[in-house]
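J.: A predicted structure for the sequence below; I have some questions about it.
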Amino acid sequence: MSGSGHVFKHNKVVAKHIEKCIKGGVTVKDMMASMQHLQEAPSTATTLYKVYGNYIAGIRAELVGAVGAKVIEQAMDGDFKSQEFYLKSKGGWSPSNTINNTDQEV
């Protein structure tokens, strides 16, 4: 229940449109404009996130997880670019911070 006393529920047609847009990489601005012909479509981004915010977050998390899994799979299979990307983004690795042990005397 919102602060105004109204109960918001997801409209299945609007939710499907939101999912399609998010999975297609459409901006929120363009998504909002493209759904205004739908019955019960939110008319502002504030309302969009109030009603569908958790739904949107779930879709985005699912996408990030799927892409991340693919990057990790490729890295584990030996793809250098995927390995480098993963190490830079998740491992704190940087080529400039790597110590080359062959240049140092022990």
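T.: Alright, I've got the coordinates. Given the structure is predicted, the values throughout are model-derived calculations rather than measurements.
J.: buried stuff in the longest helix that the chain contains?
T.: Longest helix in the chain, counting residues (DSSP state H): helix 45-76. Buried residues in helix 45-76, counted by 16 or more other C-beta atoms under 10 Å: 48, 51, 52, 55, 56, 59, 71, 74, 75. The way it works is simple: take the backbone N, C-alpha and C, and place the C-beta from them, glycine included.
J.: For the fourth one, give me its contacts.
T.: Yep, that's residue 55 we're talking about. 10, 15, 18, 19 (C-beta atoms under 8 Å, 6 or more residues apart in numbering).
J.: what about dumping the CA coordinates of stretch 31-49 to CSV?
T.: Output of stretch 31-49 as CSV, limited to C-alpha atoms (Å, rounded to 0.1, in the frame of the first residue of the first chain):
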residue,chain,number,x,y,z
MET,A,31,10.5,2.8,-22.4
MET,A,32,8.1,5.3,-20.7
ALA,A,33,7.3,6.9,-24.1
SER,A,34,6.7,3.6,-25.8
MET,A,35,4.2,2.3,-23.2
GLN,A,36,1.9,5.2,-22.9
HIS,A,37,-0.7,3.6,-25.2
LEU,A,38,-1.0,0.7,-22.7
GLN,A,39,-3.9,0.8,-20.2
GLU,A,40,-2.6,1.4,-16.7
ALA,A,41,0.9,2.4,-17.9
PRO,A,42,2.7,4.6,-15.4
SER,A,43,2.9,8.2,-16.7
THR,A,44,6.1,9.2,-14.7
ALA,A,45,9.3,7.5,-13.9
THR,A,46,8.6,8.0,-10.2
THR,A,47,5.4,6.0,-10.5
LEU,A,48,7.2,3.4,-12.7
TYR,A,49,9.7,2.8,-10.0
